[in-house]
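A.B. asks: The sequence and its predicted three-dimensional model are supplied below.
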Amino acid sequence: MRTLAGVGSTPRSGVGTARWYRPDADLTLPDRPEPDAVDAEAELERYEAARDAAREALQDARDRTAERVGEAEAAVFEAHQGFLDDPTIVEDVEAAIGDGAPAEHAVADRFDEAVAQFEGMEGRMAERADDLRDVRDRLLRELVDDGGGASAATDLAALPHGTILLAERLTPSDTAALDPAAVAGIATVEGGRTAHAAIIARSLAIPAVVGVGEALESVADGETVLVDGEAGEVVVDPNESRRAGAGEAGPNAIRERVETADGRPVEVAANVGGEAELRPAAERGADGVGLFRTEFLFVDRESPPTEEEQYEAITAALAAFPDDRVVVRTLDIGGDKPVSYLDLSDEENPFLGRRGIRLSLDEHADLFETQLRALLRAAATENGDGLAVMFPLVSRVEEVERAVAAVESIAADFADEGVDYAVPELGAMVETPAAAFLADALAERLDFLSVGTNDLAQYVMAADRGNDAVAEYHDPLHPAVLRALNRTTTTVEGTDAWVGMCGEMAGDPALTELLVGLGFDELSMSAVTVPAVKSRVREVDAEDARSLASDAVACETRSEVLDVLGLDENEP
Amino acid sequence: MERTVTVEPEAGLHARPASKLVQTANRFDADVSIGRAADGDDGLVRADSMLSVSGLNVGHGESVRVVAEGPDAEAALDAVCELLTSPVEEEEGSGSGPEDAP
């Protein structure tokens, strides 16, 4: 047993098999040819194509990180896009190519010069050097290894189970590509705990120790290594007692279900956007999945997934939470989520157009049917009792009636065919003011409602959630939004349905008391905030919360709401 | 035309505020440049360049001078200064920074 000291980044432990990641090794540039031998025109085109590919990959990384981790962490990829298309860099690279440099040398030279400008500086400036290296390597991978440009990133996404990843340093893109189910830990030579890559690793709940220094080089591929992110240690060939403590849930995870101080149970679940997120969600003590997004099954491919593929994904989610509820949202495309092989018409106002259940009931009834077949079959499996299905962007009672009829017709088909099936709990998302006004009517026809606060705030306030110019309007704490929430919960109270929230608002512990007071039975959030919200629920007194909520709903402005909640202006 | 403003975002001209500034400057035809107010004309750099803007290393509370020239200079100045003087909205639910991540 040999112990190396570093800086603990993710306070968890993991043990596995060491594997070095050395992306720079693949990036050896070909020898520099004579300037006359270079076809400048062709090199400019290669540079352009590499930039296009890198831009697209960055957009994907941005979207994936925003969905899996959070908008703040995704912002680093916007900075990368800024460097990629920086006019001063582009102009210099193009000039160098014009002077006879091949594209990869022109790129490497210009970026190295920029890196040198930031290297050796402190804090934020040093992070810029990392950003520039990341962008440079992306471009070089495209250029040096034409066509297989994404190879390094793909390898990271497909590491064998139980890998302890060792690296000089990891870029944010590297880290965001990791599969938290496969990677048991990360240890790096360089880096501090506030680097973007460390933050992303933390959000993916991957044990990590950074800044181990050159000593890490003494670890060879294939050795058994324990990464202890709490103690900040990398242990090579750990003994039994060290190993026994590894792989357990983080210190803050609360495994059992929680209730308020005066005994009202509140379910705290996780939003999950892919199979890789199931394990971290379970480890953080989520009481099930409150929003299982199915879009990941549909994007980045040429044709829609089969019934079998969807069935597999749903049963995997159920298996990860055998005793809990898993709420699967049917396909929510349209709006800002285009899918290449679906012929979605261009609309002037996509957010007010064909999206969510509207597409599922008409244009894409075929996809909807396939998805419902997979869901009804999954509901009949071993862990299928916990399955629930919800429909996105409902605005009319008729939509719910048609969706329920579609479920019943598939059930009838299965009965005829002799296929095992069960009808899961059915629910609707409350994302439109229409659904909030009709909450009682929807609840009478369904088992539950779940509020999507991001869209609800957008539609109540008439403010595009992606438009920074109206960011102050897109405000979940605006009294108008709170009244929409209150109307939903109070009118549902008289029915048998339960009501949850699966928007980002649910994951803010500063708002837990308010949401409990409004009457939500379930809160579903990014897995990272589950432990904090669970521990907050235990402190809340449901009666006090109720009076706090009614005070907040009575407010007329955001600042009055903040006063009532005792929050600062910049809090949520 | 030009304007001098105090940088409000907590992060200064780094990370997200820097990206937003560059994206905004790129939206206009006008040539927009930016620099520390105290550094005069020599301190001005292109506002449409992430490299140049990050290189300024301007922090929260510093005074910067923004110069715009071209057909939509006034609109560009308005947009850029608006950004510089708005405290950054931290997106809801993403408060998973190093300190509060469990």
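C.D. replies: Here it is on my side, so go on.
A.B. asks: Let me know how buried residue 71 is, in neighbour terms.
C.D. replies: No chain in the question, so chain A it is. 18 (other C-beta atoms under 10 Å in any protein chain shown). From N, CA and C alone the C-beta is placed, and that goes for glycine too.
A.B. asks: ah, I was thinking of chain B
C.D. replies: Residues lying near B:P71 (other C-beta under 10 Å) number 10.
A.B. asks: cool, A:A422 as well?
C.D. replies: 16.
A.B. asks: Now the element after the worst-scoring helix or strand of chain A on mean pLDDT, going C-ward?
C.D. replies: Counting by mean pLDDT, DSSP states H and E, chain A has its least confident helix or strand at helix A:151-157, which shows a mean of 59. Scanning forward in sequence from helix A:151-157 by DSSP states H and E, the next helix or strand is strand A:163-167.
A.B. asks: Render the CA-only coordinates of that following strand in CSV, please.
C.D. replies: The C-alpha trace of strand A:163-167 is given here as CSV (Å, rounded to 0.1, in the frame of the first residue of the first chain):
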residue,chain,number,x,y,z
THR,A,163,-11.9,2.7,-14.1
ILE,A,164,-9.8,5.1,-12.0
LEU,A,165,-8.8,7.7,-14.5
LEU,A,166,-5.4,9.3,-14.1
ALA,A,167,-4.4,12.3,-16.1
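A.B. asks: For that strand, which residues meet the burial criterion?
C.D. replies: Residues of strand A:163-167 classed as buried: A:163-167 (neighbour count, 16 or more other C-beta atoms under 10 Å in any protein chain shown).
A.B. asks: Pull the residues that contact whichever helix or strand comes after that strand.
C.D. replies: Counting by DSSP H and E, the element after strand A:163-167 in chain order, helix or strand, is helix A:172-177. Helix A:172-177 is contacted from outside by A:21, A:23, A:57-58, A:61, A:64-65, A:68-69, A:73, A:76-77, A:80, A:134, A:138, A:152-153, A:156-157, A:167, A:186, A:196-197, A:200-201, A:204, using C-beta atoms under 8 Å, 6 or more residues apart in numbering or on different chains.
A.B. asks: Next, the contact list for the residue nearest the centre of chain B, please.
C.D. replies: The centroid of chain B falls nearest to B:L21 when counting by C-alpha atoms, centre = their mean (4.4 Å). Counting by C-beta under 8 Å, 6+ apart, B:L21 makes contact with B:13, B:34, B:47, B:53, B:80, B:83-84.
A.B. asks: How many neighbouring residues does whichever residue of the stretch 351-500 of chain A sits closest to chain B have?
C.D. replies: Closest to chain B within the stretch 351-500 of chain A is A:A471: 4.8 Å, counting by C-beta to the nearest C-beta. For A:A471, the neighbour count with other C-beta under 10 Å is 16.
A.B. asks: Repeat that for B:E8.
C.D. replies: Using other C-beta under 10 Å, the number of residues around B:E8 comes to 15.
A.B. asks: now do A:N467
C.D. replies: If you count neighbours by other C-beta under 10 Å, A:N467 ends up with 11.
A.B. asks: A:R22 too?
C.D. replies: For A:R22, the count of nearby residues is 11 (other C-beta under 10 Å).
A.B. asks: Please give me every residue in contact with it.
C.D. replies: A:167-168.
A.B. asks: Can you name the residues that contact residue 79?
C.D. replies: If you meant another chain, say so; for now it's chain A. A:131, B:15-16, B:18-19, B:50, B:54.
A.B. asks: sorry, should have said chain B
C.D. replies: B:24, B:27-28.
A.B. asks: try 7 Å this time
C.D. replies: Residues near B:A79 by C-beta atoms under 7 Å, 6 or more residues apart in numbering or on different chains: B:T24.
A.B. asks: Helix or strand for the closest residue in space to B:P71 that isn't next to it in sequence, just tell me which one.
C.D. replies: Closest residue to B:P71 apart from its sequence neighbours, by C-beta to C-beta, 6 or more residues apart in numbering or on different chains: B:D29 at 5.5 Å. Under the criterion DSSP H and E, no helix or strand holds B:D29.
A.B. asks: Can you get me a residue count around B:D29?
C.D. replies: Here the number of neighbours of B:D29 (other C-beta under 10 Å) works out to 10.
A.B. asks: A:M121 now?
C.D. replies: Other residues lying near A:M121 total 13 when counted by other C-beta under 10 Å.
A.B. asks: Repeat that for A:D36.
C.D. replies: Other residues close to A:D36 by other C-beta under 10 Å number 6.
A.B. asks: go on, A:Y47?
C.D. replies: 23.
A.B. asks: how near is it to chain B?
C.D. replies: The span separating A:Y47 from chain B equals 17 Å under the rule C-beta to the nearest C-beta, to the nearest Å.
A.B. asks: And the strands in the stretch 451-572 of chain A?
C.D. replies: Assigned by DSSP state E, counting those that start in this stretch, the stretch 451-572 of chain A shows strands spanning A:498-501, A:522-526.
A.B. asks: what sits up against stretch A:295-314?
C.D. replies: Residues contacting stretch A:295-314 (C-beta under 7 Å, 6+ apart): A:273-275, A:328, A:331-333, A:337, A:339, A:341, A:367, A:370-371, A:373-375, A:377-378.
A.B. asks: Can you list the buried residues in that stretch?
C.D. replies: Per 16+ other C-beta under 10 Å, stretch A:295-314 contains these buried residues: A:296-298, A:304-305, A:307, A:310-314.
A.B. asks: Which residue would be the closest one in the stretch 451-572 of chain A to chain B?
C.D. replies: For the stretch 451-572 of chain A, C-beta to the nearest C-beta, closest residue to chain B: A:E504, 2.8 Å.
A.B. asks: Could you pull out the strands in the stretch 201-350 of chain A for me?
C.D. replies: Under DSSP E, counting those that start in this stretch, the stretch 201-350 of chain A gives strands at A:208-210, A:224-228, A:233-236, A:258-259, A:265-272, A:289-293, A:326-329.
A.B. asks: Just the pLDDT for the residue of the stretch 451-572 of chain A closest to chain B.
C.D. replies: Looking at A:E504, its pLDDT reads 75.
A.B. asks: Just the element for B:L77, please.
C.D. replies: B:L77 belongs to helix B:73-85, assigned by DSSP H and E.
A.B. asks: now the contacts of B:L21 in TSV, with distance to chain A?
C.D. replies: As requested, the contacts of B:L21 are arranged in TSV below (distance: C-beta to the nearest C-beta, whole Å):
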residue	distance to chain A
B:L13	10
B:I34	14
B:A47	11
B:V53	8
B:V80	13
B:L83	8
B:L84	13
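A.B. asks: What subset of those residues is buried?
C.D. replies: B:13, B:34, B:47, B:53, B:80, B:83-84.
A.B. asks: low pLDDT regions in the stretch 51-200 of chain A?
C.D. replies: Along the stretch 51-200 of chain A, the parts satisfying pLDDT under 70 run over A:68-69, A:123, A:145-154, A:192-196.
A.B. asks: just the helices in it please.
C.D. replies: Taking DSSP state H, counting those that start in this stretch, the helices of the stretch 51-200 of chain A run over residues A:71-84, A:87-98, A:103-118, A:123-144, A:151-157, A:172-177, A:196-203.
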